[in-house]
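Engineer: Here is the input, now give the coordinates:
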Amino acid sequence: MRTFVIGDIHGGLLALEQVLKKAEVTTKDTLIFLGDYVDGWSQSAEVIDFLIDLKTKQNCICIRGNHDQLALDWLENRHEDFDEEMWYKHGGKATVEGYSKISAERKKEHIAFFESLKDYYLDDENRLFVHAGFTNLNGVVWEYFPKLFYWDRTLWESALALDPNLKPDDLYYPKRFTVYKEIYIGHTPVTRIGQTVPVNKACVWNVDTGAAFKGPLTIMDVNTKEFWQSDPLNELYSNEKGRN
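Structural biologist: Presented below is the predicted three-dimensional model:
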């Protein structure tokens, strides 16, 4: 039995199917999805169908991403604090078009799936899995603003900026990086720093390799750190724009 973590999918079902096959995932394996299943490529609704079915076959832990919350707000007609025009520009348009083709009953099933998503997952080895990050120095249990679990970027920015010569027991070492053995995130694509593979800084592993744009989707074994990647999403969906 292995444990895998999967980065942001953004409607790329073809990529998800590809990486699960490449990693030779079986029903005995645990799959931890870091969120952002929708918004970008044309198969957002199909990704949700796939995950709903997959959860009946094996242990799947599905974490909430900011785009998943935006899609849920739209599906439930909640417009407070919701900039629909901005959402459209950042992948929402493809999601709206995809959902125009499915039944009201399927939409209800998808709403139930979105509502069931976890803010974070902490395993028995003190490894944290969260879409974006957290801000409380003492960890996720103490986070005052739950939305930051799927919106924060300061955790990753701090990890990138951290002096590698600092040791965890140094007075100036960020306390957030001492709470957990490892932290796995997505949300901020590593393509922003010119990478297309998982990046490790301090105790943080970022496995969002830019599938929403022109990068691949990544699946990684959390124990061995071996990873597998799909073809670039703009090649799998060559007739689409994605979030480019």
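
Engineer: where does this structure have its least confident helix or strand?
Structural biologist: The helix or strand of the chain with the poorest confidence is helix 84-87; it has a mean of 90 (mean pLDDT, DSSP states H and E).

Engineer: which residue packs closest to residue 48, ignoring adjacent ones?
Structural biologist: Computed as Cβ to Cβ, 6 or more residues apart in numbering, the closest residue to residue 48 that is not its neighbour in sequence is residue 110, at 4.9 Å. Placement of C-beta: from N, CA and C, glycine included.

Engineer: That neighbour is in contact with residue 75, isn't it?
Structural biologist: Yes: Residue 110 is within contact range of residue 75, at 6.9 Å (criterion: Cβ atoms under 8 Å).

Engineer: quick one, longest helix in the protein?
Structural biologist: What stands out as the longest helix in the chain, according to DSSP state H, is helix 104-116.

Engineer: elements contacting it?
Structural biologist: Helices and strands touching helix 104-116, by 3 or more Cβ pairs under 8 Å, 6 or more residues apart in numbering; DSSP states H and E, are helix 44-54, helix 66-75.

Engineer: now those as CSV including mean neighbour count?
Structural biologist: Below are the helices and strands packed on helix 104-116 laid out as CSV (neighbours: other Cβ atoms under 10 Å):
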stretch, mean neighbour count
helix 44-54, 20
helix 66-75, 22
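
Engineer: picking that back up, just how off-centre is the helix or strand following the least confident helix or strand of the chain within its chain?
Structural biologist: Where DSSP states H and E defines the elements, the next helix or strand beyond helix 84-87 is helix 93-99. In terms of Cα atoms, centre = their mean, to the nearest Å, the centre of helix 93-99 is set 19 Å apart from its chain centre.

Engineer: Could the C-alpha coordinates of helix 93-99 be exported in PDB?
Structural biologist: The C-alpha trace of helix 93-99 is given here as PDB (Å, rounded to 0.1, in the frame of the first residue of the first chain):
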ATOM      1  CA  LYS A  93     -15.800  30.200 -17.900                       C
ATOM      2  CA  ALA A  94     -14.900  26.600 -18.800                       C
ATOM      3  CA  THR A  95     -16.600  25.300 -15.700                       C
ATOM      4  CA  VAL A  96     -19.800  27.200 -16.400                       C
ATOM      5  CA  GLU A  97     -19.800  25.900 -20.000                       C
ATOM      6  CA  GLY A  98     -19.200  22.300 -18.800                       C
ATOM      7  CA  TYR A  99     -22.000  22.400 -16.200                       C
END
